[in-house]
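*Asks:* Provided below for reference: sequence and predicted model.
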Protein chains: 2
Amino acid sequence: MDMPALQQKFVIHFGEMGARWGMNRTVGQIYAVLFLAEEPLCADEIVAALGVSRSNVSMGLKELQSWQLVRLEHHPGDRRDFFSTPDDLWEIVMTLVEQRKAREVDPTLTVLRELQLSSDFDSTNAHARARIEEATRMIELFSRWYEDMRDVDIEKLERLLKLGSAAQKVLGLKARKNTDKH
Amino acid sequence: MDMPALQQKFVIHFGEMGARWGMNRTVGQIYAVLFLAEEPLCADEIVAALGVSRSNVSMGLKELQSWQLVRLEHHPGDRRDFFSTPDDLWEIVMTLVEQRKAREVDPTLTVLRELQLSSDFDSTNAHARARIEEATRMIELFSRWYEDMRDVDIEKLERLLKLGSAAQKVLGLKARKNTDKH
DNA sequence: TCGTATTTTCAGTAATTTCTGAAACTACTG
DNA sequence: CAGTAGTTTCAGAAATTACTGAAAATACGA
């Protein structure tokens, strides 16, 4: 791996994390290299930086494109593809959240809804039925919240985050009697 | 797999998702079985439900315990271990978020901080340095927000979620001139 | 059109992860 | 203490996933 030691540590860490994030090692490393790079890089520069095969880089870049985590651009008079990550970290975070939601929660919501529509749902035992309904409601609550927040502009979102739990006090939410749940 | 068709679909789906959630198929399926079960189950009941080996179930339960996603209990006059999931879905969601944060973001924050403390950080190229600092700030912002929200009681949190982006309006956040970023 | 630079595909191999069955271990009971 | 019911460990088998190199495809320029 051909790069300064510090950057190398960064890249290796992202490789390890990549696996936990539903990608694989190489994909995580490619992302890390692009993230640190000042300029967009072409595939061969990534090959040189990571010391993996050209085809592996090609597949990794395809995967990152499917996550919409990298941008493809062309330079005049050069037919190579150049890749980069957005400058704006917020954009990166938003994309990551969007993609993970799409991959990890939306399919579950779809299945839960299908189960409830299926003909043998009513004949399922009451407890299982209730749990499926409850899970659906919970996921729908988070989905709606997320879709709502996605449209708030970044500046406001950032200040909302910084406010943290104080928001709850400012909004003056009064404690509701908690005798009406479970 | 020995259970009613509808529950079976649920379990199979959670098996598929389990993989995307950093567990594996069996672990996801075990969780799904416990989630739907009215009563705590012992390992052999899970074996019967899923048709996998006893040792696989043992390892899966260990994994779920390491995630703190299942509870272990004992019945008087019975030396078997019985496992269950919390009744309260909020508790499940909170645990999941807590664990994923611990596994997926905390280690990265640690590494980023280490890099900044390392002796060759100052000699790293300015752009990479800036990106590492920026990433650290972003993760710290989310971490603080999360730790803040974790302490808000569920009732209030639920209402905050239902409020969604309206919260931002209620709080009267004024648009800040966005000339001071990037 | 042919040649060249580049990217993609894909079959096979390597590496990793998951799963199993047998053995070891634990802790209770008679 | 020996026997039994239960759980865990672990070495190897099975399954899956990642990676490579070679070949095929693409796309431009002469």
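*Replies:* On my side now, so go ahead.
*Asks:* from here on, just use CA atoms for contacts and neighbour counts.
*Replies:* OK.
*Asks:* return the residues of chain A in contact with DNA strand C.
*Replies:* Residues of chain A that fall close to DNA strand C, judged by C-alpha under 7 Å from any atom of the strand: A:42-44, A:54-56, A:58-59, A:61-62, A:78-82.
*Asks:* quick check: the farthest pair among those residues?
*Replies:* A:N56 and A:D78 (22.3 Å; C-alpha to C-alpha).
*Asks:* out of these two, which sits in the busier spot?
*Replies:* A:N56 (13 against 8; other C-alpha atoms under 10 Å in any protein chain shown).
*Asks:* related to what we said a few turns ago, select only the buried ones of the residues of chain A next to DNA strand C in ChimeraX?
*Replies:* The command below creates a ChimeraX selection of those among the residues of chain A next to DNA strand C that count as buried (16 or more other C-alpha atoms under 10 Å in any protein chain shown):
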select /A:42,43,44,58,61,82
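*Asks:* in strands, which of the residues of chain A next to DNA strand C appear?
*Replies:* A:42, A:82 (DSSP state E).
*Asks:* which of the residues of chain A next to DNA strand C fall within helices?
*Replies:* Members of the residues of chain A next to DNA strand C lying in helices (criterion: DSSP state H): A:43-44, A:54-56, A:58-59, A:61-62.
*Asks:* let's have the residues you listed in a markdown table, adding distance to A:R103 and pLDDT.
*Replies:* Formatted as a markdown table, those follow (distance: C-alpha to C-alpha, whole Å; pLDDT from 0 to 100):
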| residue | distance to A:R103 | pLDDT |
| --- | --- | --- |
| A:A43 | 27 | 97 |
| A:D44 | 30 | 97 |
| A:R54 | 27 | 98 |
| A:S55 | 25 | 97 |
| A:N56 | 23 | 98 |
| A:S58 | 22 | 98 |
| A:M59 | 19 | 97 |
| A:L61 | 18 | 98 |
| A:K62 | 17 | 97 |
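*Asks:* tell me where the longest helix sits in chain A.
*Replies:* helix A:126-150.
*Asks:* that one and chain B in contact?
*Replies:* Yes. For helix A:126-150, a contact with chain B is found by C-alpha under 8 Å from any C-alpha of the partner chain, at A:127-128, A:131-132, A:134-135, A:138, A:141-142, A:144-146, A:148-149.
*Asks:* could you do stretch A:156-164 as well?
*Replies:* Yes. Judged by C-alpha under 8 Å from any C-alpha, stretch A:156-164 and chain B are in contact via A:156-157, A:159-164.
*Asks:* and the one helix or strand A:I92 maps to, what does it pack onto?
*Replies:* Using DSSP states H and E, the element containing A:I92 is helix A:89-100. In terms of contacts (3 or more C-alpha pairs under 8 Å, 6 or more residues apart in numbering or on different chains; DSSP states H and E), helix A:89-100 is packed against helix B:126-150.
*Asks:* list the buried residues of the helix it packs on.
*Replies:* Within helix B:126-150, the residues that count as buried by 16+ other C-alpha under 10 Å are B:128-129, B:131-132, B:135-136, B:138-139, B:142-146, B:148-149.
*Asks:* quick check: the gap between A:S118 and chain B.
*Replies:* 8 Å (C-alpha to the nearest C-alpha, to the nearest Å).
*Asks:* report pLDDT for that residue.
*Replies:* pLDDT, A:S118: 97.
*Asks:* contacting residues for A:L141?
*Replies:* B:161-162 (C-alpha atoms under 8 Å, 6 or more residues apart in numbering or on different chains).
*Asks:* could you redo the last one with a cut-off of 6 Å?
*Replies:* By C-alpha atoms under 6 Å, 6 or more residues apart in numbering or on different chains, no residues touch A:L141.
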